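Asker: With the sequence up front, the predicted model follows.
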Amino acid sequence: MQTLTTDASCLNKNNDTQTPEKNKTSELFPSRLLGFGVFNAWSSLAVSLEIKLDIASLSSSIGRLFLLSLFTLLGYLFVAIFVHRTGRNIWTRTVFLTCAVLSVLFPILEFAAATFELFFLDIAAIVCYSVATVGFFLMWAVQISAHPPKTAFVAYSASFALSACIYFLVKALGTPIFFAALILLPILSCWLLHLSSRLPLPKTPENDSTIQWRIPWRPMALVVIFTLAFGLVTHFEGNAMVPSEFGRLLSGLIVLVATLTAFLKMEATTLAKISSLLVVGALLWCEIHGPESGLGVGKLLISVGYFGFLLFVLCTLSEICFSYRARPEWLFGIVQASSVIMTAPSGQLGNVIRESFMAGNTYLGEGALAALVLAVMAACMFLLTENPFAAAWGIKAFRRTDNGESEPVEIGNHLQNQIYRCALIARQYGLTHREEEVLALLAENKSFIEIETDLVIAHGTLRAHVQHLYEKLDVHSKQEVLDFVNNWE
């Protein structure tokens, strides 16, 4: 049998005179990660379904919001604690399909509840929405956290912008498209999620089920305060004709442009500080102008600031999971639960302050808004004083000993695992699953005959895979592949 040589010219005659130029190798963005934006669009449309069908008449708007928050909160806490305690991987194909089915059932049950005025159908729809939301959010968090920081920034910011664009487009196309989108969007998100879920988990000490991570108090406290401010202002200026999704679109586009043009120079905490200034500005505007300004300036400022801050939190947690191998289900689940728990109370507080302003009693509202301004400023001063990437935001790993005590655990760099490195490279450079397997075997310095034997493929098939692999990585020999994998960061 003719064996493959390591010279790239045998694979592509046009490359005889080429020399490797690693600087020309560009990182490919896996567009399937935009499925997170598709899921966000579905979630926003699902929440607005209450107004379209007047479902709140079955109970009350605030009461329904409390139920929605309660079930979602319980879902996040259950998954986070279960994974935290057992270390098990629960994201199987069955879970994917279950989330997709529940998300499709949600608009059907809501429509039936509004048509027949049956409260228990509304409760069933809320449960379907909550379970699907928890599942989709955490599954996407796991997938995006497996990518390097820049890819995560692009994924989250582009998803925010895409989500808002889909939301505005669907709302503009009328009721039939609205209901069709509620059924089709989760199916599309589930399909993209399935395409993204082939990254193997390396068998390293970092995956030891006895290792646990402490509660992320700092991001939890920040999210609670910012969610309180967001809910308060949006309900306080409830009549303003500025949808909150516009803030999601604007913040997503700004962060996306900044990431693509100046990622290496970008300081992540700067995004959080600018967002906090916008939130403070929104609170001060509401305190000065009251709920009847009609301009919606407060709602616009709070939307851009809140979603910008959410981008900062999501990207920071993603970087921590990527660098330290923390479980995304635990960190994202707990932090998201702290956001959900404030959704209903913040809305109720916003309505109370609005009514007090309308009744001429401004002291209560002004005092609450001023206190919240001080809380935002204090939180930023004390919780954003260090680089959260380098310090893991104060989140430490530990292991329980036999006598019940906890001992700290030093987590190494998981990128030293060769299989995981090859999987990440495959994601960034658009390699197929078979090309990823070839890359992993080449990284082990196996011969081409050994690779053919291990993968049970013909000589010509391996030749085609190696040629495609060389082209995508811009390398020209087996040795360059080894150097590429070993030097990749």
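Answerer: Great, that's in hand.
Asker: Next one: Leu350 from Tyr429, what distance?
Answerer: Check again: residue 350 is Gly, not Leu. 47 Å (C-beta to C-beta, to the nearest Å). For every residue, glycine as well, the C-beta is placed using N, CA and C.
Asker: of those two, who's got more company?
Answerer: Gly350 (25 against 20; other C-beta atoms under 10 Å).
Asker: Just the element for the more buried one, please.
Answerer: helix 343-358 (DSSP states H and E).
Asker: what mean pLDDT would you report for that helix?
Answerer: The average pLDDT for helix 343-358 rounds to 88.
Asker: so where's the stretch 351-489 of the chain uncertain?
Answerer: 385-392, 394, 400-402, 404-405, 409-420, 489 (pLDDT under 70).
Asker: how about the helices in it?
Answerer: 362-383, 388-391, 418-428, 433-443, 448-455, 459-473, 478-487 (DSSP state H, counting those that start in this stretch).
Asker: Also the stretch 101-250 of the chain?
Answerer: Using DSSP H, counting those that start in this stretch, helices in the stretch 101-250 of the chain cover 119-145, 149-172, 175-196, 217-236, 244-262.
Asker: could the ones you listed go into a markdown table alongside distance to Met381 and mean pLDDT?
Answerer: Formatted as a markdown table, the helices of the stretch 101-250 of the chain follow (distance: least, C-beta to C-beta, whole Å; pLDDT from 0 to 100):
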| stretch | distance to Met381 | mean pLDDT |
| --- | --- | --- |
| helix 119-145 | 28 | 92 |
| helix 149-172 | 25 | 93 |
| helix 175-196 | 38 | 91 |
| helix 217-236 | 11 | 92 |
| helix 244-262 | 22 | 91 |
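Asker: Quick one: closest of the ones you listed to Lys446.
Answerer: Using C-beta to C-beta as the measure, helix 175-196 is the one of those that comes nearest Lys446, at 27.8 Å.
Asker: tell me how far that closest one is from the chain's mean position?
Answerer: From the chain centre to the centre of helix 175-196 is a distance of 17 Å (C-alpha atoms, centre = their mean, to the nearest Å).
Asker: same for it, what does it pack against?
Answerer: helix 35-53, helix 93-116, helix 119-145, helix 149-172 (3 or more C-beta pairs under 8 Å, 6 or more residues apart in numbering; DSSP states H and E).
Asker: Now do the buried residues in the helix or strand following the first one.
Answerer: Counting by DSSP H and E, the element after helix 35-53 in chain order, helix or strand, is helix 61-86. Within helix 61-86, the residues that qualify as buried are 64-69, 71-73, 75-77, 79-80, 83-84, counting by 16 or more other C-beta atoms under 10 Å.
Asker: what helices or strands is helix 61-86 leaning on?
Answerer: Short answer (3+ C-beta pairs under 8 Å, 6+ apart): helix 61-86 packs on helix 119-145, strand 211-213, helix 328-340, helix 343-358.
Asker: Point out the most buried one among these.
Answerer: helix 328-340 (a mean of 25; mean count of other C-beta atoms under 10 Å).
Asker: how near is Ser69 to Met139?
Answerer: Going from Ser69 to Met139 by C-beta to C-beta gives 21 Å.
Asker: Out of the buried residues of helix 61-86, flag the one nearest to Cys128.
Answerer: Nearest to Cys128, judged by C-beta to C-beta, of these is Phe71 at 9.5 Å.
Asker: what number of residues lie near the residue lying closest to Val38 once chain neighbours are set aside?
Answerer: The shortest distance from Val38 to any non-neighbouring residue, by C-beta to C-beta, 6 or more residues apart in numbering, is to Ser189 (4.3 Å). The tally of other residues near Ser189 (other C-beta under 10 Å) stands at 28.
Asker: Next: Trp217.
Answerer: 14.
Asker: again, but for Ala359
Answerer: Around Ala359 there are 10 residues (other C-beta under 10 Å).
Asker: and it, backbone torsions?
Answerer: phi -80, psi 0 (degrees, to the nearest 10).
Asker: For Val280, see how far away it is.
Answerer: 26 Å.
Asker: Repeat that for Arg354.
Answerer: 20 Å.
Asker: for the helices of the stretch 351-489 of the chain, which one sits closest to Phe263?
Answerer: Closest among the helices of the stretch 351-489 of the chain, using C-beta to C-beta: helix 388-391, at 12.8 Å.
Asker: Can you give me the domain boundaries for the protein?
Answerer: 31-399, 417-487 (automatic domain parsing).
Asker: Redo these as CSV? Include distance to Pro408.
Answerer: As requested, the domains of the chain are arranged in CSV below (distance: least, C-beta to C-beta, whole Å):
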stretch, distance to Pro408
domain 31-399, 6
domain 417-487, 22
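Asker: any idea how far Pro186 lies from Cys99?
Answerer: 7 Å.
Asker: Residues that sit against both of the two, list them.
Answerer: 132, 136 (C-beta atoms under 8 Å, 6 or more residues apart in numbering).
Asker: Relative to Leu232, which of the helices and strands packed on helix 61-86 is closest?
Answerer: Across the helices and strands packed on helix 61-86, closest to Leu232 is helix 343-358 (C-beta to C-beta), at 4.2 Å.
Asker: From the chain's centroid, how far away is that closest one?
Answerer: Helix 343-358 sits 29 Å away from the centroid of its parent chain (C-alpha atoms, centre = their mean).
Asker: Which neighbouring elements make contact with that helix?
Answerer: helix 61-86, helix 217-236, helix 362-383.
Asker: Out of those, the one nearest Thr270 is which?
Answerer: Using C-beta to C-beta, those put helix 362-383 closest to Thr270, at 11.7 Å.
Asker: contacts for the closest one?
Answerer: 218, 221-222, 225-226, 228-229, 232, 236, 272-273, 276, 279-280, 283-284, 286-287, 290, 349, 352-354, 356-357.
Asker: list the buried ones in it?
Answerer: 365-366, 368-369, 372-373, 375-376, 379-380, 383.
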